[in-house]
Structures are given as C-alpha cells and as structure tokens.
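Visitor: No sequence on hand, only this structure:
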Ligand code: ZN
C-alpha cells in the first residue's frame with residue numbers, strides 16, 4: 001500500500017469520526033477498513049440511550065463491508081482523540097475475519113495525525129484469540 005493510500009485511509013477514518021453519534025460518552029470514533037480487493041468501508045460509533053445497543057466504529061465498518069460480500073481485510077485505521085486501540089469486543093469481532101489484521105491508531109488531536117500513527121496488529125492486541 002502506498003503512502004497516498006495510507007493517507008487516504010486516515011482521512012476516511014477522521015471524516016467518519018466527525019459523524020460519530022456519541023452524546024453520552026462524548027468519545028467520537030471513526031474507522032476505515034480496507035479490504036483485500038482495495039475497497040474501503042467507514043464506520044463511526046453510534047450510541048443509544050440504552051447503552052448496550054451502542055455499536056462501535058470498528059464493528060460498523062466491518063458489518064458494512066460484510067454486507068457487500070467483503071470478508072478479507074488488509075488494514076484498519078481507527079481515529080480517536082488520543083489514539084485509542086479498539087475495545088475488547090471489537091478485537092474479538094475483527095478476529096473472526098482477520099486474526100492478524102494490521103491496525104493504525106490515529107490521534108485526531110494531533111496537528112498532523114499521519115506523523116504520529118501508532119501501528120499495531122490484532123494478534124498483538126488479542127493474543128490467543130477465541131475461535132471454534
Ligand atoms: Zn469496540
């Protein structure tokens with residue numbers, strides 16, 4: 001993947017973060033998921049007054065991709081204030097499709113977020129993954 005493609009994915013994640021519906025936590029999250037075919041799907045967190053119904057940006061992007069028949073993923077970019085990694089539920093959810101998915105954590109509060117990306121991998125974030 002080129003630097004330009006990487007930059008574009010970061011921009012997609014940052015744009016999705018702007019659309020987050022997070023009136024309760026006020027913690028906006030944006031995600032950009034690139035498939036092996038090169039398609040890109042975005043997601044944001046969507047909270048609900050019944051907190052348990054909230055969906056994370058990472059799972060929103062994943063379900064959007066799967067709904068179009070995409071199940072092989074090559075990169076996930078997550079944008080948050082502070083550059084947080086995905087929650088435990090999202091780690092397990094993503095492991096269903098890509099156990100060693102590369103993940104870029106973007107801190108949207110940085111002046112130039114692309115320069116401070118934290119690169120990680122789902123296998124490092126979720127070792128000994130559950131699978132049937
Ligand atoms: Zn999550």
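Guide: Great, that's in hand. Bear in mind that the values here come from a model prediction, so they are computed numbers and not experimental data. Numbering: from 1, shown residues only.
Visitor: give the contact list for the closest residue in space to residue 89 that isn't next to it in sequence.
Guide: Excluding the flanking residues, the one nearest residue 89 by Cβ to Cβ, 6 or more residues apart in numbering is residue 56, at 7.0 Å. In short, each C-beta sits where N, CA and C put it, glycine included. Contact partners of residue 56, counting by Cβ atoms under 8 Å, 6 or more residues apart in numbering, are 29, 31, 43, 45, 86, 87, 89, 90.
Visitor: now, which of the residues you listed lie within helices?
Guide: Judged by DSSP state H, those include 89, 90 as members of helices.
Visitor: Now restrict the contacts of residue 56 to buried residues only.
Guide: In these, burial by neighbour count holds for 29, 31, 43, 45, 86, 90, counting by 16 or more other Cβ atoms under 10 Å.
Visitor: just to revisit the earlier point, and the ion, which of the contacts of residue 56 reach it?
Guide: Restricting the contacts of residue 56 to those touching the ion (Cβ under 5 Å from the ion) yields 87, 90.
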